[in-house]
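*Asks:* here is my input; please provide its structure:
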Amino acid sequence: MRVELVWSPAAGDVQHRWLEVEEGATIELLLRLCADFSQPPGELRVGIWGRVRPLDTPLRERDRVEVYRPLTVDPKEARRQRYAKRGERIVSRHRPKGGISVKG
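*Replies:* Sure thing, here's the model as predicted:
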């Protein structure tokens, strides 16, 4: 069966590879087949289609296995830095600005 392995060794650099594995293969087996990772599989954070999964998760046909890098900046701090750089409030489209009433 074919599965896709996706990882990003550095910011802006996304690598992907289609691999053939046997029925019943797990994420851990897939990572061992691909020697592009310097860390052992137990130290990697991985998921399938954007959802974090344990290494013993069995794979299915056309699964997209993603290897996640650790965060380098706290998301709240990154938001503060963007605000300081832009000089204006960053507003979520899901929540109105304070002081504006929403008529229903």
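
*Asks:* avg pLDDT for stretch 77-88?
*Replies:* The predicted model assigns stretch 77-88 a mean pLDDT of 81.

*Asks:* repeat for stretch 21-35
*Replies:* 87.

*Asks:* list the buried ones in that stretch?
*Replies:* Within stretch 21-35, the residues that count as buried by 16 or more other CB atoms under 10 Å are 21, 25-31. The C-beta positions use only the backbone N, C-alpha and C, and glycine is treated the same way.

*Asks:* just say helix, strand or coil for residue 72.
*Replies:* coil (DSSP: H, G, I helix; E, B strand; the rest coil).

*Asks:* contacts only, for it.
*Replies:* By CB atoms under 8 Å, 6 or more residues apart in numbering, residue 72 lies in contact with nothing.

*Asks:* and it, how far from residue 11?
*Replies:* Residue 72 sits 8 Å away from residue 11 when distances are taken as CB to CB, to the nearest Å.

*Asks:* what about the helices in the protein?
*Replies:* For the chain, the helices defined by DSSP state H cover 27-33, 75-86.

*Asks:* contacts only, for residue 21.
*Replies:* 1, 3, 29-30, 33, 59.

*Asks:* hmm, back to that, can you put the buried residues of stretch 21-35 in CSV and add distance to residue 42?
*Replies:* Below are the buried residues of stretch 21-35 laid out as CSV (distance: CB to CB, whole Å):
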residue, distance to residue 42
21, 19
25, 17
26, 13
27, 11
28, 8
29, 13
30, 14
31, 9
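
*Asks:* nearest to residue 49 among the residues you listed?
*Replies:* residue 27 (12.3 Å; CB to CB).

*Asks:* just checking, the closest one touches residue 52?
*Replies:* No: using CB atoms under 8 Å as the test, residue 27 is too far from residue 52 to be in contact (10.7 Å).

*Asks:* shared neighbours of these two, which are they?
*Replies:* Residues touching both residue 27 and residue 52 (CB under 8 Å, 6+ apart): residue 46.

*Asks:* let me know the pLDDT of the most centrally placed residue in the chain.
*Replies:* With distances taken as CA atoms, centre = their mean, residue 68 lies nearest the centre of the chain, 4.8 Å away. With respect to pLDDT, residue 68 has a value of 89.

*Asks:* sweet, I'm off.
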